[in-house]
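K.L.:
sequence isn't available, so here's the structure alone:
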């Protein structure tokens, strides 16, 4: 079977929701998280969200993103330890519970997206003053550390280093440590992306503290959902001509929704199969392009193996 046939065969075998009797459950937009005491079980479903709403289900999405994160955690663990204990299923990982720090770290290598919009208004990004003559998609001399607050509702907001320290959100020593590690992780991501004809444009990191005070990186890292990637071989030509960069991310889905005049308000449009297939193929292409390895698809009901994996985990951890 070709990829289109495999995707079509899997359309009714997506992980939409989970409901396991294994600790208290938190349901995010795309992930189900179970609190197991000292650990968390994180299950990446096949839900896809845009404009803060879950709108459809994409075959293989959860497992592709989980394995993409595993690729990056494995390739950065020599820089900073992460929250992974083990992968128990293609869609699920057991992780160390930690105290997630209340600031999301964004590292930017290029002036684009929200950073470009802020620069136009203020000449700065998160309090960092930039040269006055920069153009859209300009490369910075060195990556810029641009933290944001973690909003409970609504959108995150930019915040400066000084504000973080002044408001006692994170003390200076820890913030310096976070910035240093974030830049090292970004440097590693940039190096590996370059080998596969990609530019890691910008990305977000979540950091946490273990009970012993150790700093770790958590959530996901360098995935096509948490990062912006451009193709390296066409960057210079498109930049010089002022054209939009070729990008590797989920903008395809958002742009289709915008073409239907949908931005999160009211009833969403019905998502046709060809769009679902297109999104799936882009996740597979992202995995292949970022890792240099083609993702192997297998047609089967993922919930059967997931049920078994959760049952074995429950028994192994002696959870009643």
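P.N.:
Arrived safely. Owing to the predicted nature of the structure, the values given are computational and were not obtained by experimental measurement. Numbers count the residues shown, from 1 in each chain.

K.L.:
count of neighbours near residue 100?
P.N.:
16 (other Cβ atoms under 10 Å). (Glycine included, C-beta is placed from N, CA and C.)

K.L.:
residue 83 versus that one, what's the distance?
P.N.:
From residue 100 over to residue 83 the distance is 10 Å, taken as Cβ to Cβ, to the nearest Å.

K.L.:
go on, residue 196?
P.N.:
Where residue 83 is concerned, residue 196 sits at a distance of 26 Å (Cβ to Cβ).

K.L.:
who has more neighbours out of those two?
P.N.:
residue 83 (22 against 15).

K.L.:
just to revisit the earlier point, so for residue 100 and residue 83, which residues contact both of them?
P.N.:
208, 218-219 (Cβ atoms under 8 Å, 6 or more residues apart in numbering).

K.L.:
residue ranges with poor pLDDT in the chain?
P.N.:
150-156, 249-250, 319-320 (pLDDT under 70).

K.L.:
now the helices for it?
P.N.:
Assigned by DSSP state H, the chain shows helices spanning 3-10, 61-74, 113-122, 161-166, 172-195, 235-240, 251-259, 273-291, 302-316.

K.L.:
the first one vs helix 273-291, what angle?
P.N.:
In this structure, helix 3-10 runs at an angle of 120 degrees to helix 273-291, with axes from the mean of the first three to the mean of the last three Cα atoms, to 10 degrees as the basis.

K.L.:
now do helix 3-10: which elements does it pack against?
P.N.:
helix 273-291 (3 or more Cβ pairs under 8 Å, 6 or more residues apart in numbering; DSSP states H and E).

K.L.:
distance check, residue 242 against residue 123.
P.N.:
20 Å.

K.L.:
between these two, which is the more surrounded one?
P.N.:
residue 123 (13 against 9).

K.L.:
ok, back up a step: please identify which of the helices of the chain is closest to residue 139.
P.N.:
helix 235-240 (8.3 Å; Cβ to Cβ).

K.L.:
for the closest one, buried residues please.
P.N.:
Judged by neighbour count using 16 or more other Cβ atoms under 10 Å, the buried positions of helix 235-240 are 235, 239.

K.L.:
tell me the buried residues in stretch 296-315?
P.N.:
297, 302-303, 306, 309-310, 313-314.

K.L.:
any idea how far residue 246 is from residue 267?
P.N.:
33 Å.

K.L.:
more neighbours: those two, which one.
P.N.:
A direct count of neighbours by other Cβ under 10 Å for residue 267 and residue 246 places residue 246 higher, at 13 against 6.
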